[in-house]
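Peer 1: predicted structure and sequence below. I'll ask about it afterward.
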Amino acid sequence: MIHRSLVRVLAFAAMSALWGGPACAGLGSDAAGVVADGDELHGALNSTSLPQYDIEEITTDTGMRVREYLGRDGVVFAVSWSGPVLPDLRRLLGTHYVEYTAALAALTRPGLHRSVRIASSELVVESGGHLRAYAGRAYLPARVPAGISTADLR
Amino acid sequence: MARIATVLTAAVLCACIGGKGTTASAPPPPTLNTLMLTVDSGPAAATGQINHGYVTVKVCAPGSQTQCANVDHVLLDTGSVGLRLVRSVLAAGGVTLNAQTDGQGLAIEECVSFGGGQTWGPVALADVTLAGESAAKLPIQILDDTGAGAAAPAACVATGPLINGVSGFGANGVLGLGVFAQDCGSACVNASTPLPLYYGCTTAGTCTAENAALAVQVANPVAMFAADNTGVIINLPTLQNANGDASVQGELIFGIETQADNALPATGLVVLGTDANGDFTATFNGSATVLPALIDSGTDSYALNINDPAIPVCTTGNLMFLGGYYCPTVAPLSVYAVNTGVGVNNASSRVDFAIADPSATFVTTASAFIDLAGGPGSTNFTWGMPFFYGRKIYVGIEQRTAGAYTGPYYAY
């Protein structure tokens, strides 16, 4: 693993400023979107580079942790989260948030849910937890790099 | 004449007994600390529920003897903290509760995530009675299904759909009796950036996240009782049918080690301390993965993520069991998990259990099912309702001591 957080943060910040703000963010967006998400969450951004993708991790002093998985094609193909509350999923799921809420509404399982899983060929969302401790993830199966196990996307 | 004499004699006898009862040496009668707990198909407006344990809660406007309602079908939830009642149900019962206000005079409202959606609504005070126990001026959440208060702010609806109504919960409310005294605790008191949980709302309906002192937060009613406030015991019988029981009755007992009916057993109790999130740990079927775990009456199944081709997610069979349950290829399938407590109460306990194939064998007219497992994608191990059948489950509240044990803990 190679840590090169500061340089990347500065580079992304410059790109973000250049592009004039968070037009798109979260799943399916690009590196500039990651920086915008960090700003929105008032978090610190840290980057880890792996051979097939980068993990951009945003942490906040309230205990929120968000990871965005940025592929070599420049697209965020997965996001994960943990913390005392759920993060802004509308932002983290980006354009896929509508699919998520539509799938939730269509769930036939009655009553209180402590965890939910929405899965299609385009989108997988897993979200769960309880008061004080929530965790989950979402990914685009078609964009997960070849040979990468989805179990690693946490 | 003879008849009158008999009555008189009886009256005198009664007087004598009464007189004896008031002498200083006699103990006071025990507080009625047991509430009926029923697993059935749910409130009329949302039938078809499975493995939901319900109680009836008496709620009154603060200080009122008349503005009271007995709200039935309130879901007992040992995985959350605080009483949350649907506003339209309270209104139908003739009870109106007003939002508490913060230091700036703003209405205090709350947004709480329950996996598949959010509750939204004001925090109000109520006098709450459970069996013979009462908590006066208890902060509860009103689930604002009628939209009488401020609309949910963007930050709340950005985490999922609102589930404020009876159909969203499959209940008229939730009675959260988990291991803590308040729902959020210290994380909501002094945060430099307030968590998006408690909000202050203007009369114009603009809501901003803000901190909330412990005394303001939605609270565990049992922690606020004058006595029998160390925790609760849930006592449900073993189910009679492998393919589902129509309904089940058990009891919710208030207090641990405070009365004869809630005494700790002399031996054999497994006490699992929890961390600051309310979790102990569990491993499933010998896996090295250590999962945060809880014992949760609000979950209908043993809920965990299973990556095993022998235990696939159900895809055919009864429609009722297709959304997120497991259907083992050979059923019932014997599995096990090892629970370990956190902190001082660090017991370790292996639990053998079974996973049934609900799509093939469960009767959809029943409401109580043993051996039901689900929760694909979950990052927790949740011992849901199947774990409660045939067991006494103890939930010890933080900083309360019962015998040798101090909460927070779950025990069985």
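Peer 2: On my side now, so go ahead. Predicted model only: the values in this text are computed from it and were never measured.

Peer 1: doesn't A:Arg36 belong to a helix?
Peer 2: Let me fix one detail, which is that residue A:36 is Ala and not Arg. Yes - under DSSP: H, G, I helix; E, B strand; the rest coil, A:Ala36 sits within a helix.

Peer 1: measure it to chain B for me?
Peer 2: 15 Å (C-beta to the nearest C-beta, to the nearest Å). For the C-beta atoms, the positions are set from N, CA and C on the backbone; glycine is no exception.

Peer 1: could you count how many residues lie near B:Thr258?
Peer 2: For B:Thr258, the neighbour count with other C-beta atoms under 10 Å in any protein chain shown is 20.

Peer 1: correction: the previous question concerned B:Leu32.
Peer 2: By other C-beta under 10 Å, the residues close to B:Leu32 number 12.

Peer 1: of all residues in the chain, which one is nearest the centre?
Peer 2: Since you didn't name a chain, this refers to chain A. Central residue of chain A (C-alpha atoms, centre = their mean): A:Val79, 2.3 Å from the mean position.

Peer 1: sorry, should have said chain B
Peer 2: Nearest to chain B centroid, counting by C-alpha atoms, centre = their mean: B:Asp77, 2.0 Å.

Peer 1: give the contact list for that residue.
Peer 2: Listed by C-beta atoms under 8 Å, 6 or more residues apart in numbering or on different chains, the contact partners of B:Asp77 are A:Leu112, B:Val174, B:Leu175, B:Gly176, B:Leu177, B:Gly178, B:Asp296, B:Ser297, B:Gly298.

Peer 1: among these, which lie within helices?
Peer 2: Nothing among these maps onto helices, per DSSP state H.

Peer 1: bridged to the residue nearest to the centre of chain A, which residues?
Peer 2: A:Glu68, A:Ala138 (DSSP bridges).

Peer 1: repeat that for B:Thr119.
Peer 2: Judged by DSSP bridges, the bridge partners of B:Thr119 are B:Val112.

Peer 1: next, count neighbours for it.
Peer 2: 26.

Peer 1: so who does it touch?
Peer 2: Contacts of B:Thr119 by C-beta under 8 Å, 6+ apart are B:Arg84, B:Glu110, B:Cys111, B:Val112, B:Gln141, B:Leu143, B:Leu162, B:Ile163, B:Asn164.

Peer 1: name the member of the residues you listed with the most neighbours.
Peer 2: Neighbour counts for the contacts of B:Thr119, by other C-beta under 10 Å, peak at B:Leu143, which reaches 29 neighbours.

Peer 1: what is the neighbour count of the residue of the stretch 201-350 of chain B found nearest chain A?
Peer 2: Of all residues in the stretch 201-350 of chain B, B:Gly323 sits closest to chain A, at 3.4 Å by C-beta to the nearest C-beta. As a burial measure, B:Gly323 scores 17 neighbours (other C-beta under 10 Å).

Peer 1: of all the contacts of B:Asp77, which comes closest to B:Thr340?
Peer 2: B:Asp296 (17.2 Å; C-beta to C-beta).

Peer 1: just checking, the closest one touches A:Gly128?
Peer 2: No - counting by C-beta atoms under 8 Å, B:Asp296 stays clear of A:Gly128, with 11.5 Å between them.

Peer 1: can you tell me how far the residue nearest to the centre of chain A is from A:Glu68?
Peer 2: Remark: distance between A:Val79 and A:Glu68 (C-beta to C-beta, to the nearest Å) = 5 Å.

Peer 1: contacting residues for B:Asn345?
Peer 2: B:Val271, B:Leu272, B:Gly273, B:Tyr405, B:Thr406, B:Tyr409.

Peer 1: ok, 7 Å please
Peer 2: B:Asn345 sits next to B:Val271, B:Leu272, B:Gly273, B:Tyr405, B:Tyr409 when contact means C-beta atoms under 7 Å, 6 or more residues apart in numbering or on different chains.

Peer 1: list the beta-bridge partners for the first one.
Peer 2: For B:Val271, the beta-bridge assignment (DSSP bridges) gives partners B:Ala411.

Peer 1: so what's B:Asn285 closest to, chain neighbours aside?
Peer 2: Of all residues not flanking B:Asn285 in the chain, B:Val335 sits nearest, at 5.3 Å (C-beta to C-beta, 6 or more residues apart in numbering or on different chains).

Peer 1: which bits of the stretch 1-150 of chain B sit near chain A?
Peer 2: Counting by C-beta under 7 Å from any C-beta of the partner chain, the stretch 1-150 of chain B comes close to chain A at B:48-49, B:52, B:75, B:79-81, B:112-117.

Peer 1: one more time with 6 Å
Peer 2: Within the stretch 1-150 of chain B, the positions near chain A by C-beta under 6 Å from any C-beta of the partner chain are B:Gly48, B:Gln49, B:His52, B:Gly79, B:Ser80, B:Ser113, B:Phe114, B:Gly115, B:Gly116.

Peer 1: contacts for stretch B:132-140 next, please.
Peer 2: Defining contact as C-beta atoms under 6 Å, 6 or more residues apart in numbering or on different chains, one finds that stretch B:132-140 is touched by B:31-32, B:62, B:83, B:123, B:125-128, B:218-219, B:221, B:224-225, B:228, B:254.

Peer 1: show the buried residues in the residues you listed.
Peer 2: Applying 16 or more other C-beta atoms under 10 Å in any protein chain shown to those, the neighbour count classes B:31, B:83, B:123, B:125-128, B:218-219, B:221, B:224-225, B:228, B:254 as buried.

Peer 1: so what's B:Ala61 up against?
Peer 2: Taking C-beta under 6 Å, 6+ apart, one finds B:Gln67, B:Val95 in contact with B:Ala61.

Peer 1: give me the phi and psi for it.
Peer 2: When read as degrees, to the nearest 10, the backbone of B:Ala61 gives phi -60, psi 140.
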